[in-house]
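Asker: Predicted model and sequence below, questions to follow.
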Amino acid sequence: MSKKIYDVAIIGAGVVGTAIARELSKHNISIALIDAKSDVGDGTSKANTAILHTGFDMVPGSLESTLVARGYHLLRDYARETGIAVEELGALLVAWSQEEHDNLAKLQAKAVENGYKDCVIISAADVYAREPHLGPGALGALYVPGEWIIDPWTPIVAFATQAKLAGADILLRTAVTGVTIGAHNTLHTTNGDIDAHHVINAAGLYSDEIDGVFGIKDFTVIPRRG
Ligand SMILES: Cc1cc2nc3c(=O)[nH]c(=O)nc-3n(C[C@H](O)[C@H](O)[C@H](O)COP(=O)(O)OP(=O)(O)OC[C@H]3O[C@@H](n4cnc5c(N)ncnc54)[C@H](O)[C@@H]3O)c2cc1C
């Protein structure tokens, strides 16, 4: 019997790789979701601050701004659909100096540029009404009602489960160490070779290493918030 050639191999089973696997698994294609760790979501995705970002403070016009705003709506709706825990807390950016206070209007204008129009500048009295245990000295704040907390683990497990139920293979304890590119890609891993017509690099902080494995040397990082 000839060895299986997957249509797509996804390297990395963090929130990005599992979401891609779930989306692709809606189509009639074979998928291998590969991770070096012994479980999904065991990289950066397991240890973040759990904020469901609106994208209000991104660099306007940047790719990140567009993607964070789109991701906010997609993940919020997915959480509602599946019962993933969300706390609709809202965020306060508290100004502790006159300079920070003067900057609140700029941040509000930036949010509007990013398509988020619900930010409100609130007085010191309103800050303490909302947060009575905050230390003294707050001059006011930018209130961002849509910044919520979301359970960061369950989406990953849900994405992976849906992909698996739709037929994707999840290959854990499988670190990609090299590739041979021919009629298809043969990924060399610590768990044997995996053949795939297409490979998606979702290796998070190690994406540059995977690019390097493929001989791509011009990996660039898009500048973050300004
Ligand atoms: C301190 C902190 C706080 C954060 N707070 C927030 C927040 O509040 N809200 C928010 O939206 N974002 C937040 N983030 C960002 C968010 O956590 C990341 O953007 C996200 O988790 C990245 O997911 P990923 O799937 O790209 O990467 P990862 O979760 O790192 O997944 C990449 C996977 O690739 C695997 N891998 C790597 N190399 C190989 C290889 N050679 N072979 C096989 N597998 C490999 C790794 O094992 C890993 O599981 C925060 C980040 C940090 C560090």
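Answerer: Arrived safely. Numbering: from 1, shown residues only.
Asker: name the element Lys217 belongs to?
Answerer: Secondary structure from DSSP states H and E places Lys217 outside every helix and strand.
Asker: for Glu23, same thing?
Answerer: Counting by DSSP H and E, the element that carries Glu23 is helix 15-24.
Asker: now for that helix, which elements pack on it?
Answerer: With contacts taken as 3 or more CB pairs under 8 Å, 6 or more residues apart in numbering; DSSP states H and E, helix 15-24 sits against strand 5-11, strand 31-34, helix 154-165. All C-beta spots, glycine's among them, are computed from the backbone N, C-alpha and C.
Asker: is any part of it close to the ligand?
Answerer: Yes. Applying CB under 6 Å from any ligand atom, one finds that helix 15-24 is in contact with the ligand at 15-17.
Asker: mind giving me a markdown table with these and columns for neighbour count and pLDDT?
Answerer: Converted to a markdown table, these look like this (neighbours: other CB atoms under 10 Å; pLDDT from 0 to 100):
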| residue | neighbour count | pLDDT |
| --- | --- | --- |
| Val15 | 24 | 97 |
| Val16 | 21 | 97 |
| Gly17 | 28 | 98 |
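Asker: Between helix 15-24 and the longest helix along the chain, find me the angle.
Answerer: For the chain, the longest helix by residue count, based on DSSP state H, is helix 63-82. Orientation of helix 63-82 against helix 15-24 (axes from the mean of the first three to the mean of the last three CA atoms, to 10 degrees) gives an angle of 60 degrees.
Asker: Is whichever helix or strand comes after helix 63-82 in proximity to the ligand?
Answerer: Scanning the chain past helix 63-82 towards its C-terminal end, the next helix or strand to appear is strand 86-87 (assignment: DSSP H and E). No. If you take CB under 6 Å from any ligand atom as the test, strand 86-87 misses the ligand, and the best it gets is 12.5 Å.
Asker: and for strand 86-87, what are the contacting residues?
Answerer: The set of residues external to strand 86-87 that reach it, using CB atoms under 8 Å, 6 or more residues apart in numbering, is 52, 76, 79-80, 148-151.
Asker: mind running it again at 6 Å?
Answerer: 79, 148-150 (CB atoms under 6 Å, 6 or more residues apart in numbering).
Asker: Pull the most distant pair out of those.
Answerer: Greatest spatial distance among these (CB to CB): Ala79 and Ile149, at 10.9 Å.
Asker: More neighbours: which of the two?
Answerer: Under the criterion of other CB atoms under 10 Å, the comparison of Ala79 against Ile149 puts Ala79 first, with 19 against 15.
Asker: quick one, what contacts the more buried one?
Answerer: Contact partners of Ala79, counting by CB under 6 Å, 6+ apart, are Val86.
Asker: Give me the buried positions along the helix or strand bottoming out on mean pLDDT in the chain.
Answerer: Ranked by mean pLDDT, DSSP states H and E, the weakest helix or strand in the chain is helix 207-213, scoring a mean of 93. When burial is assessed from 16 or more other CB atoms under 10 Å, helix 207-213 yields the following buried residues: 207, 210-211, 213.
Asker: and it, how far out from the chain's middle?
Answerer: If you compare the mean C-alpha spot of helix 207-213 with that of the full chain, they lie 19 Å apart, counting by CA atoms, centre = their mean, to the nearest Å.
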